[in-house]
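Student: Any chance you could fold what I've pasted below:
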Amino acid sequence: MKTKADAELAKWCQALVPNIVDNVPDGWISATDLAEKLNKSRHTVANQLAAAVREGRAEMQKFRVMTARGAYPVPHYRLLK
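Tutor: Predicted coordinates for the structure are as follows:
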């Protein structure tokens, strides 16, 4: 009986796992990742990205990614052409 319960639990866990995080498409980057590449503070880059979104030069979309706190929706940005 123990193995049947474990098998059911395993099916449920497997069904739930793929929905934890999103695949971030190419061209999208988070403020933290961009700040590291530019060697600037995250705060500065986030302010610049927010201004770019307001001015219509970039767009923002949240993707659920794994963070230190667990899976969490994180804003990602993409430049508009």
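Student: Next, give phi and psi for residue 68.
Tutor: Dihedral angles phi and psi of residue 68 (degrees, to the nearest 10) take the values phi -60, psi -30.
Student: can I assume residue 75 sits in a strand?
Tutor: Yes - checked against DSSP: H, G, I helix; E, B strand; the rest coil, residue 75 lies within a strand.
Student: Pretty sure it sits against residue 33.
Tutor: No - using C-beta atoms under 8 Å as the test, residue 75 is too far from residue 33 to be in contact (11.4 Å). Yep, even glycine has a C-beta here, placed from its N, CA and C like the rest.
Student: Could you tell me the model confidence score at residue 11?
Tutor: At residue 11, the model reports a pLDDT of 79.
Student: next one: phi and psi at it?
Tutor: Taking degrees, to the nearest 10 as the convention, residue 11 sits at phi -60, psi -40.
Student: Excluding sequence neighbours, find me the nearest residue to residue 41.
Tutor: Leaving aside its chain neighbours, residue 41 sits nearest to residue 35 (6.2 Å; criterion: C-beta to C-beta, 6 or more residues apart in numbering).
Student: Thanks a lot, catch you later.
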